[in-house]
Structure formats: C-alpha cells, structure tokens
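Engineer: sequence and predicted model, in that order:
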Amino acid sequence: MGKRKKIFNTKLKTLRAERNLTQQDLAIDLGINRGTVLEIERGTFNPSLKLTFSIAKYFDKTIEEIFEYIEESED
C-alpha cells in the first residue's frame, strides 16, 4: 500500500501545542481515538463535518482558521 495523499493543511498540532495538550488529551476531549488526531494532524484523514465543527468550537476558531483544503491536481 502506498503513502496516503495529503488532503489538507491543518494548524491542529500548533493549536494543541499552545494548550500543552497531547494527542491523547485532545482525543479524549473530542471523543475520538489518538490515531484519528494523528491522521488529522498529518492531513491524511478527512474528518466528518461534525468533527470539524467540534474541533473549531473546541479551539474557539473558525474552520478556515484550522483547516486549509488542498486542491487535487490531475496528473
């Protein structure tokens, strides 16, 4: 299996670090698993709309302040 393609850029890791939260801390607070936080931070997991709004609310930011969609180019 090949490398997962990056879907978006995210500031989640930076925001988490600013609050001294581990991936596990954030996962518990959001009701997800640590692996999901890791994949979101890498930009290789496309979170549900509900989760995206939950993350934005958690950090008191807009979705656009946390996530930047990467346009897919045709090769």
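Structural biologist: Arrived safely.

Engineer: which ones are touching the residue nearest to the spatial centre of the chain?
Structural biologist: By C-alpha atoms, centre = their mean, the chain has its centre lying nearest to I40, at 3.4 Å. Contact analysis of I40 by C-beta atoms under 8 Å, 6 or more residues apart in numbering lists 10, 12, 47, 55. (Glycine included, C-beta is placed from N, CA and C.)

Engineer: what strand or helix carries it?
Structural biologist: According to DSSP states H and E, I40 maps onto helix 34-42.

Engineer: that helix: what's the following helix or strand?
Structural biologist: Next along the chain after helix 34-42, taking DSSP H and E as the criterion, comes helix 49-58.

Engineer: pull out the buried residues from that following helix.
Structural biologist: By 16 or more other C-beta atoms under 10 Å, the buried positions in helix 49-58 come out as 51, 54-56, 58.

Engineer: pLDDT weak spots in the chain?
Structural biologist: Residue ranges of the chain with pLDDT under 70: 1-2, 72-75.

Engineer: am I right that D60 is in a helix?
Structural biologist: No - the assignment for D60, made by DSSP: H, G, I helix; E, B strand; the rest coil, is coil rather than a helix.

Engineer: can you tell me the element the spatially closest residue to G43 that is not a sequence neighbour falls in?
Structural biologist: Nearest residue to G43, sequence neighbours excluded (C-beta to C-beta, 6 or more residues apart in numbering): K6, at 4.3 Å. For K6, there is no host helix or strand (DSSP H and E).
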